[in-house]
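Q: Prediction below, plus the sequence it came from.
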Amino acid sequence: MFLKTFLLTFLILTLTANGFGQTTQLKAAFCPTTVPSLGTNIRCDGVAGAEGYRFEIWNQAQDDSLKTYDSYANNRGNRLRFSWVGGGVIEYSTTYAIRVSWYDLDTDTWSVPGAFCEVTTPSNPFTQLAAAFCGAEIATESTNILCNQVTGAVQYRFEVSIGGVFLENVDKTTYKLRLSNLTSPGHPQHCTQYDIRVASRTTPTGAWSAFGASCFVTFKVPTTVISPVYCGTTINYLQQDTIHANALGVADGYRFRIESGGTIIEDTVANPSAYNGITFRKFPGVQYGQTYNVSVKIRSNGCWGEFGTSCAISTVLQPETELRPANCGATNLIPANNLYGNSIIYAQEYEYRINGGVLSNEIYNTSTSFAGIPTSPRFRLAWLDNSSLVSYGTTYSIEARVKVGGVYGAWGPACNVSLQGTPVTELKPAFCGISLSSMGTNLYCNTVSLSQGYKFEVRTVGEDLVGEYDGMAAGTSSKFRMNWVPGVAYNTTYRVRAAWNDGTSWSSYGSFCEVTTPVSAIIISSDDELEEETFALKSIETPFDFQTYPNPFKASFRMNLNEFNRTNTDLIDLVIFDMQGRIMEHNVFSFEELSTKQFGQNYNPGTYIIRLNNSGKLFQQRVIKIN
């Protein structure tokens, strides 16, 4: 016990002898004081032989130690700055109690702290976007938008508005904002001006400073370029060859331009869309044999951006053409089918060279041949001068070339097209299965391309031959009447079929159709030269069984079945034909359904034949649609 007391007494005497009873505190100039900034030096009284100083920072009530700053460890002498203390502790507009102790290296001990002095931090400073970003265009969502840094700040609040309407606050632990930080739906938007104010705070839960001055930034519409796969290429088809820009998902429109020799031409697309392609025909005045610098810009959010970097694309000196892909390799065609070459801008005329069958280098020229439209790339094998030599079941090789500027280009690649096997013909559907009201009713078969004439064969239901009618010899085309075959009787059902002639031989007969002759002779007109369609219509009408109204009609018509003689079933099979034999309607209705239904809404103006079949009993009527 005596030894412990002795040692303690010795230690106290030693410390006193070494001056350790001396304390220090903030200099009088800083006790108390309000510093102008967090970076202001706050000094304490120096102590001879001191190696360093320790600043204890307490709350103003001196009941909570907030932070200790050791200037010895940081080689800062007898100075303290609030900015050295570290984030999250010091707040603006706040008074702190600070006391100081000093360090003796020889004894490796700290003195007792001196008296407290009060130091008040300045008011929270204003901040705003850095000058370089006020009014700036922001190129990308990830571009950093900087504000002026605030000493000691641990958070920044970016208040974002559009046109004076608050959008959202974005809180960051750095002084950098990116437009990608916006979380409001639909943002960021290109071509939008965002007004931004900034506040800061120095502790995670402290008060925010007031907002500084507002600055705006604009989210710039991005640029794009022509896809590199087109750069350096040469275009033949100014009307079909499409060039594309690199697509941008934010684009709602693309605008292209071409430049050559100082002449700039923008495209003439009236309503640009999100489609990123264009053909050269959209540039008025584009020429062959030129190299153009092509560039593109986009529209986003209703605003156009700037044109991107251009690239060179050339046009051919003299264009070539060939059959369109839809025609090249086509099979099962007939000579009357349209065939098309690829369209060429500024074309004066087209030529086609055909080989196959007995044809050798047969030429069709659009300016001198059947169609008579020089600039149209359409032709048919049936239009050839030697069309009689075209034969079914044959494959033809077809080349095309085009005249531009008075000069023909080279023949394009050959394409094969194949005609179907030899076709057959038969009565049109409108005349198949009908009951005639007159032997003079005109019946028509389906026409065949390249046909020089038709013949008709009439047989009984039991397949006995009644007779043939050679329409080729009579020059009556595809028309036939039952009274043109001797031996046809009234009130009898016959089987009729047709064949066609290619100028050298007859085809096989097509399918039979049953035709029933009238019960007795009915004279409709004494004029056997009555116009064909009118004669046919008059001869197939069956008055009084049903009526159509209104007739003629403009919009639609109904059927009045009050006088319709029903058989043992109410089901009625309805077929409506146009005068070319095309079926316009075919359905089965009950008596009540048919009486209430409207027809003809989508018909073109013209004459139509209505046929009702009630358990094998046929009734026919005509109806006319007018404009």
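A: Structure received.

Q: Show the model's pLDDT score for the nearest residue in space to residue 412 that is not next to it in sequence.
A: When the adjacent residues along the chain are set aside, residue 412 lies closest to residue 322, with 3.4 Å between them (CB to CB, 6 or more residues apart in numbering). (Glycine included, C-beta is placed from N, CA and C.) On the pLDDT scale, residue 322 is placed at 96.

Q: what sits opposite the closest residue to residue 242 other than its chain neighbours in the beta ladder?
A: Among residues not flanking residue 242 along the chain, residue 277 sits closest, at 4.4 Å (CB to CB, 6+ apart). Going by DSSP bridges, residue 277 is paired in beta bridges with residue 244.

Q: Hmm, residue 244 and residue 277 touching each other?
A: Yes: with contact defined as CB atoms under 8 Å, residue 277 counts as touching residue 244 (4.5 Å).

Q: Give me the more crowded residue out of the two.
A: residue 244 (15 against 12; other CB atoms under 10 Å).

Q: so the more buried one sits right up against residue 233, yeah?
A: No: using CB under 8 Å, residue 244 is not in contact with residue 233; the gap is 11.9 Å.

Q: Next up, the contacts around residue 549.
A: 557, 558, 560 (CB atoms under 8 Å, 6 or more residues apart in numbering).

Q: where's the last one relative to residue 606, distance?
A: Read it as residue 560. 22 Å (CB to CB, to the nearest Å).

Q: What helix or strand is residue 91 located in?
A: For residue 91, there is no host helix or strand (DSSP states H and E).

Q: Look up phi and psi at it.
A: phi -120, psi 150 (degrees, to the nearest 10).

Q: so how many other residues sit close to it?
A: 18.

Q: Could you pull out the helices in this structure for me?
A: For the chain, the helices defined by DSSP state H cover 2-17, 71-74, 471-474, 532-540, 591-596.

Q: was I right about the residue nearest to residue 412 contacting residue 397?
A: No: with contact defined as CB under 8 Å, residue 322 does not count as touching residue 397 (11.6 Å).

Q: Touching both of the two, which residues are there?
A: With CB under 8 Å, 6+ apart as the test, residue 322 and residue 397 both reach 414, 415.

Q: Neighbour count for these two, which is higher?
A: residue 322 (19 against 13).

Q: Distance of the more buried one relative to residue 390?
A: For residue 322 relative to residue 390 (CB to CB), the value is 20 Å.

Q: Same check on residue 619?
A: 44 Å.

Q: and the two? which has more neighbours close in?
A: Neighbour count, other CB under 10 Å: between residue 619 and residue 390, residue 390 has more, with 25 against 20.

Q: who's in contact with the more buried one?
A: 335, 357, 359, 381, 382, 384, 396, 419, 450.

Q: neighbour-wise, which of those residues leads?
A: Busiest of these [other CB under 10 Å] is residue 381, holding 28 neighbours.

Q: Pull the residues that contact stretch 96-114.
A: 15, 18, 20, 22-26, 42, 44, 47, 49-62, 66, 72, 80, 90, 115-121.

Q: ok, and for it, which residues are buried?
A: For stretch 96-114, burial by neighbour count (16 or more other CB atoms under 10 Å) applies to 96-104, 110-111, 113-114.

Q: Go ahead and confirm residue 449 touches residue 384.
A: No: taking contacts as CB under 8 Å, residue 449 lies outside contact range of residue 384: 12.0 Å.

Q: domain assignment for this protein?
A: 23-120, 131-219, 228-315, 339-418, 429-530, 541-625 (automatic domain parsing).

Q: Let's have the ones you listed in a markdown table, adding distance to residue 331.
A: Listed next are the domains of the chain as a markdown table, based on distance: least, CB to CB, whole Å:
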| stretch | distance to residue 331 |
| --- | --- |
| domain 23-120 | 81 |
| domain 131-219 | 51 |
| domain 228-315 | 24 |
| domain 339-418 | 4 |
| domain 429-530 | 16 |
| domain 541-625 | 25 |
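
Q: would you list those domains in a markdown table and tack on mean pLDDT?
A: Below are the domains of the chain laid out as a markdown table (pLDDT from 0 to 100):
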| stretch | mean pLDDT |
| --- | --- |
| domain 23-120 | 91 |
| domain 131-219 | 94 |
| domain 228-315 | 94 |
| domain 339-418 | 92 |
| domain 429-530 | 85 |
| domain 541-625 | 81 |
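
Q: right, so of those domains, which gets closest to residue 326?
A: Proximity to residue 326, assessed across the domains of the chain by CB to CB, is greatest for domain 339-418 (7.8 Å).

Q: on that earlier part again, out of the contacts of residue 549, flag the one nearest to residue 584.
A: Nearest member of the contacts of residue 549 to residue 584, counting by CB to CB, is residue 557, at 12.2 Å.

Q: and that closest one, how many residues sit next to it?
A: Count around residue 557 with other CB under 10 Å applied: 21.

Q: which residues does it contact?
A: Taking CB under 8 Å, 6+ apart, one finds 548, 549, 550, 551, 598, 599, 600, 623 in contact with residue 557.

Q: run the last query once more with 10 Å
A: 548-551, 598-601, 603, 608, 610, 623-625 (CB atoms under 10 Å, 6 or more residues apart in numbering).

Q: Report the beta-bridge partners for it.
A: residue 599.

Q: distance of it from residue 591?
A: 18 Å.

Q: Where do the strands of the stretch 151-300 of the chain begin and end?
A: 155-162, 165-172, 176-177, 193-201, 215-219, 234-235, 242-244, 253-260, 263-266, 277-279, 291-300 (DSSP state E, counting those that start in this stretch).

Q: Tabulate these in JSON lines, adding columns for distance to residue 574.
A: As requested, the strands of the stretch 151-300 of the chain are arranged in JSON lines below (distance: least, CB to CB, whole Å):
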{"stretch": "strand 155-162", "distance to residue 574": "64"}
{"stretch": "strand 165-172", "distance to residue 574": "65"}
{"stretch": "strand 176-177", "distance to residue 574": "74"}
{"stretch": "strand 193-201", "distance to residue 574": "67"}
{"stretch": "strand 215-219", "distance to residue 574": "64"}
{"stretch": "strand 234-235", "distance to residue 574": "55"}
{"stretch": "strand 242-244", "distance to residue 574": "48"}
{"stretch": "strand 253-260", "distance to residue 574": "51"}
{"stretch": "strand 263-266", "distance to residue 574": "57"}
{"stretch": "strand 277-279", "distance to residue 574": "48"}
{"stretch": "strand 291-300", "distance to residue 574": "54"}
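
Q: Out of the ones you listed, flag the one nearest residue 133.
A: strand 215-219 (6.1 Å).

Q: what are the pairing partners of the closest one, and which direction each?
A: Partners of strand 215-219 in its sheet, by DSSP bridges: strand 137-138 (parallel), strand 193-201 (antiparallel).

Q: Pick the most deeply packed of these.
A: strand 193-201 (a mean of 22; mean count of other CB atoms under 10 Å).

Q: relative to strand 155-162, how tilted is that one?
A: Strand 193-201 runs at 160 degrees relative to strand 155-162, counting by axes from the mean of the first three to the mean of the last three CA atoms, to 10 degrees.

Q: Run the angle between strand 193-201 and strand 165-172 for me.
A: Using the same axes, to 10 degrees, strand 193-201 lies at 40 degrees relative to strand 165-172.

Q: Run the chain-centre distance for strand 193-201.
A: Chain-centre distance of strand 193-201: 38 Å, with CA atoms, centre = their mean, to the nearest Å.

Q: pull the CA atoms of it into PDB?
A: Backbone C-alpha positions of strand 193-201 (Å, rounded to 0.1, in the frame of the first residue of the first chain) are rendered in PDB as follows:
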ATOM      1  CA  GLN A 193     -36.000  21.100 -71.000                       C
ATOM      2  CA  TYR A 194     -35.500  20.100 -67.400                       C
ATOM      3  CA  ASP A 195     -35.200  22.900 -64.800                       C
ATOM      4  CA  ILE A 196     -32.900  21.900 -62.000                       C
ATOM      5  CA  ARG A 197     -32.300  23.400 -58.500                       C
ATOM      6  CA  VAL A 198     -29.800  22.000 -56.000                       C
ATOM      7  CA  ALA A 199     -29.800  21.800 -52.200                       C
ATOM      8  CA  SER A 200     -27.300  20.000 -49.900                       C
ATOM      9  CA  ARG A 201     -26.900  18.800 -46.300                       C
END
